[in-house]
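A.B. asks: Take a look and give me a structure for this.
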Amino acid sequence: MKVNQSRFASGLVSQVRSLLAGQQDMIANAANLAALLFHELEDVNWVGFYFLKDGQLIVGPFQGRPACASIPLGSGVCGTAAVTQQIQRVRDVHEFDGHIACDVNSRSEIVIPLIRNGKVLGVLDLDSPSPGRFKADDQALLSEIAGIYLKSID
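C.D. replies: Residues are numbered from 1 along each chain as shown. Presented below is the predicted three-dimensional model:
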């Protein structure tokens with residue numbers, strides 16, 4: 001990570017901590033976090049949450065164009081992340097078998113599963129119109145931010 005990227009990441013993490021401090025409601029914190037990430041990160045066209053409910057992922061707070069309301073577990077990038085409990089970083093969604101195209105302008109995607117005590121609560125999902133937008137440093141940063149989110153709703 002370059003120095004300016006490192007400084008940006010550090011500043012963003014500080015903003016996230018401040019934004020979520022003192023509030024424990026998972027929806028309120030998800031809404032504010034989605035808005036912050038959407039406006040602070042470059043080259044993203046969708047940032048939001050899906051929460052596990054009744055065996056499927058249900059759309060939560062987000063920023064961007066309208067989204068798929070529900071995603072079956074194991075389907076698409078989000079459903080795969082939830083089932084495997086592994087981060088999914090996809091260079092080109094058109095090459096991801098079973099991709100669900102909620103926004104035809106999205107080309108790359110990263111999905112961070114939200115896991116507490118071994119149980120998936122949902123996912124943090126970010127899309128970009130640019131192939132290959134999400135790199136290893138984005139994955140590390142977003143994983144840290146997802147951890148801050150999870151701690152905020154304890």
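A.B. asks: Strands of the protein, start to end?
C.D. replies: 46-53, 56-64, 70-72, 88-90, 108-116, 119-128 (DSSP state E).
A.B. asks: Would you tell me which of those strands gets closest to A35?
C.D. replies: Closest to A35 of these, according to CB to CB: strand 56-64, at 5.6 Å. Where C-beta positions appear, they are placed from N, C-alpha and C, glycine not excepted.
A.B. asks: List the buried residues in the closest one.
C.D. replies: 56-57, 59-64 (16 or more other CB atoms under 10 Å).
A.B. asks: what's the answer for stretch 20-33, then?
C.D. replies: 20, 26, 29-33.
A.B. asks: Those in helices, which ones?
C.D. replies: Residues of those located in helices (DSSP state H): 20, 26, 29-33.
A.B. asks: Quick check: buried residues in the lowest-mean-pLDDT helix or strand in the chain?
C.D. replies: Among the helices and strands of the chain, helix 3-20 carries the lowest confidence by mean pLDDT, DSSP states H and E, at a mean of 85. By neighbour count on 16+ other CB under 10 Å, the buried set for helix 3-20 is 8-9, 12, 16, 19-20.
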